[in-house]
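S.K.: Any chance you can model this:
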Amino acid sequence: MNKYEAMIIFPEQLKDNVLEEAIGKIKAEIKKVGGEVDSATRLGKRTFARKLKKQDAGHYAVLLMKLPGDQVAPLLARFKLNEEVFRIQIVRAPENAVVATATAGGEAKAHAQS
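M.R.: Numbering: from 1, shown residues only. As a prediction, the model looks like this:
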């Protein structure tokens with residue numbers, strides 16, 4: 001299994017509890033295709049550089065996961081059908097992936113993941 005990093009953008013209008021459920025559903029889909037989720041980090045709400053599909057902002061999340069290489073394309077196809085996912089990008093994670101986590105003061109800290 002290869003390590004992958006998924007950047008997921010959820011629509012701006014999702015509430016916190018619905019956002020947590022959406023992340024849970026994504027983790028369940030990854031497990032359904034034989035993958036493992038190492039970590040999930042919410043990066044918060046960010047505004048876009050320009051409007052996308054009449055949206056000004058979205059909630060960002062990063063997932064580090066292990067997944068068989070032949071399951072990436074089917075997983076992306078499933079997420080395109082999910083209305084709770086605005087955009088998703090899955091890339092191969094470097095060996096020492098760095099995950100940013102938000103602190104209570106609002107600044108982000110980087111943690112090395114091995």
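
S.K.: Residues in contact with the top helix by length along the chain: which ones?
M.R.: When the chain is parsed with DSSP state H, its longest helix is helix 16-32. Residues from elsewhere that reach helix 16-32, judged by C-beta atoms under 8 Å, 6 or more residues apart in numbering: 6, 8, 10, 14, 36-37, 40, 42, 59, 61, 63, 65, 67, 75, 78-79, 82, 84-85. No exception for glycine: its C-beta is placed from N, CA and C like everyone else's.

S.K.: okay, Lys31: pLDDT?
M.R.: We note a pLDDT of 92 for Lys31 in this prediction.

S.K.: The lengthiest strand in the chain pairs with which strands, parallel or anti?
M.R.: Using DSSP state E, we find that the single longest strand of the chain is strand 36-52. The pairing partners recorded for strand 36-52 under DSSP bridges are strand 55-67 (antiparallel).

S.K.: List the buried residues in the partner strand.
M.R.: If you call a residue buried by 16 or more other C-beta atoms under 10 Å, then strand 55-67 has these buried ones: 58-65, 67.

S.K.: Can you tell me which of those comes closest to Pro94?
M.R.: Set against Pro94, the nearest of the buried residues of strand 55-67 by C-beta to C-beta is Leu64 (10.7 Å).

S.K.: Could you double-check that that closest one lies in contact with Val91?
M.R.: No. Counting by C-beta atoms under 8 Å, Leu64 does not reach Val91; the two are 11.1 Å apart.

S.K.: anything in contact with each of these two?
M.R.: Common neighbours of Leu64 and Val91 (C-beta under 8 Å, 6+ apart) are 4-5.

S.K.: before we move on, the earlier item: angle of the longest strand of the chain against helix 16-32?
M.R.: Following axes from the mean of the first three to the mean of the last three C-alpha atoms, to 10 degrees, one obtains 130 degrees for the angle between strand 36-52 and helix 16-32.

S.K.: mind checking how far strand 36-52 is from the chain centre?
M.R.: Offset of strand 36-52 from its chain centre (C-alpha atoms, centre = their mean, to the nearest Å): 6 Å.
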